[in-house]
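**Student:** Sharing a sequence plus its predicted fold:
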Amino acid sequence: MAVRLREPELLACFRKIDRREVELAPDLRLPLEVDDVFTWTVGPRAFLVLRDPPDAAPRGIVFHRSPGVAAHIVAMCDWCRQSRGLGAIKLMSVAADRHRSIGVYVCSDLGCVERARVAGDPAWIRRTLRRIGDFARRCEG
């Protein structure tokens with residue numbers, strides 16, 4: 001069952017280290033309906049709100065997107081395992097603390113789960129959500 005988040009609840013679900021960097025996209029409609037994952041991007045950052053397990057409270061993470069790899073290079077996303085070119089896969093970093101960050105090569109729009117849903121493959125969706133959850137736990141320490 002989806003959770004509805006108004007702006008104060010949405011901002012509060014982000015990790016304390018990330019809260020000052022949260023930026024809502026101009027086209028973001030509040031309240032948000034968050035079932036398992038909700039993502040958006042603004043400039044050089046991407047934002048992820050995750051419910052893992054599905055009955056858990058939402059947690060948010062801010063990603064810093066690298067400028068990207070060369071457009072002619074094809075790379076594979078660590079979460080959805082799709083190979084994409086044209087800079088669609090980027091090194092995304094997350095602050096672990098004030099001195100350390102954790103990186104992962106993923107789809108730069110964080111649209112992995114949505115692409116799996118469009119493909120209609122429940123196993124792909126579950127695997128992608130599991131990988132995202134595993135990464136989120138690593139970020140928590």
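**Tutor:** In hand now; what should we look at?

**Student:** Now Val22: closest residue in space, sequence neighbours ignored.
**Tutor:** Distances taken as CB to CB, 6 or more residues apart in numbering put Phe14 closest to Val22, at 5.3 Å, once the chain neighbours are dropped. Bear in mind the C-beta positions are built from the backbone N, C-alpha and C, glycine included.

**Student:** does that neighbour really touch Ile61, like I thought?
**Tutor:** Yes. Between Phe14 and Ile61 a contact is recorded at 7.2 Å, counting by CB atoms under 8 Å.

**Student:** The two: which is more packed in?
**Tutor:** Ile61 (25 against 20; other CB atoms under 10 Å).

**Student:** Now do the SS call for Thr128.
**Tutor:** Under DSSP: H, G, I helix; E, B strand; the rest coil, Thr128 falls in the helix class.

**Student:** thought it was touching Leu110?
**Tutor:** No. Counting by CB under 8 Å, Thr128 does not reach Leu110; the two are 10.9 Å apart.

**Student:** does the most centrally placed residue in the chain count as helix, strand or coil?
**Tutor:** Among the residues of the chain, Leu48 comes closest to the average C-alpha position under CA atoms, centre = their mean, at 3.5 Å. At Leu48, secondary structure determined by three-state DSSP is strand.

**Student:** Can you read off the pLDDT for the residue lying farthest from the centre of the chain?
**Tutor:** Ranked by distance from the centre of the chain (CA atoms, centre = their mean), the top residue is His72, with 24.3 Å. Confidence at His72, expressed as pLDDT, is 75.
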